[in-house]
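Visitor: Quick check, what structure comes out for this input:
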Amino acid sequence: MSLGTFLKRLWANIGEVFNRLGGTTGIIRLAHETVEKIKNFVDGPAGDIVVALIPGNADDRARDFLSEYLPRILILLSAVDVSQYENQDEATKAAVKKINNLPDDARKVIYHGVGALVTEKLSDEDVSWSDAIVLQEYNFKNKNGNVK
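Guide: Numbering: from 1, shown residues only. Model prediction:
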């Protein structure tokens, strides 16, 4: 069997697993939408950046998690010095800007990492880190979040 055939079969099997996940697919899509909002963030008038980054379809549990942890995650990943900003909101905006201005390869690593971490944590760790990485990659590659 050629490597190409093997990879096609593997990818098809991942798709089958994805489709059997039921409610977890909503979490995977929510994580994807969150990453898309980070990618497309445009600094506007004063306001809560976290609210801007949370998808509108997030349930209360997801909204609470993202409100608490997303700023921390973004600040840590960007290595922004929080002491240089008036508040966490300003530091989070700086973190998103810094991440979005990184070279392509670095941004990809961070975006996939954020998507996988959100997936893992919102699934109450029913989805392992390794599985979350694979599922996010599958989700990103297949119609950019519109998995059948």
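Visitor: continuing past the strand or helix carrying P71, what's the next helix or strand?
Guide: P71 belongs to helix 60-78 when elements are defined using DSSP states H and E. Next helix or strand after helix 60-78 toward the C-terminus (DSSP H and E): helix 88-100.
Visitor: what angle separates that next one from helix 60-78?
Guide: Using axes from the mean of the first three to the mean of the last three CA atoms, to 10 degrees, the direction of helix 88-100 lies 60 degrees away from that of helix 60-78.
Visitor: Mind giving me the packing neighbours of helix 88-100?
Guide: The helices and strands touching helix 88-100, judged by 3 or more CB pairs under 8 Å, 6 or more residues apart in numbering; DSSP states H and E, are helix 24-39, helix 49-53, helix 60-78, helix 104-122. For every residue, glycine as well, the C-beta is placed using N, CA and C.
Visitor: Now tabulate those helices in a markdown table and tack on mean pLDDT.
Guide: As requested, these are exported to a markdown table (pLDDT from 0 to 100):
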| stretch | mean pLDDT |
| --- | --- |
| helix 24-39 | 79 |
| helix 49-53 | 77 |
| helix 60-78 | 85 |
| helix 104-122 | 89 |
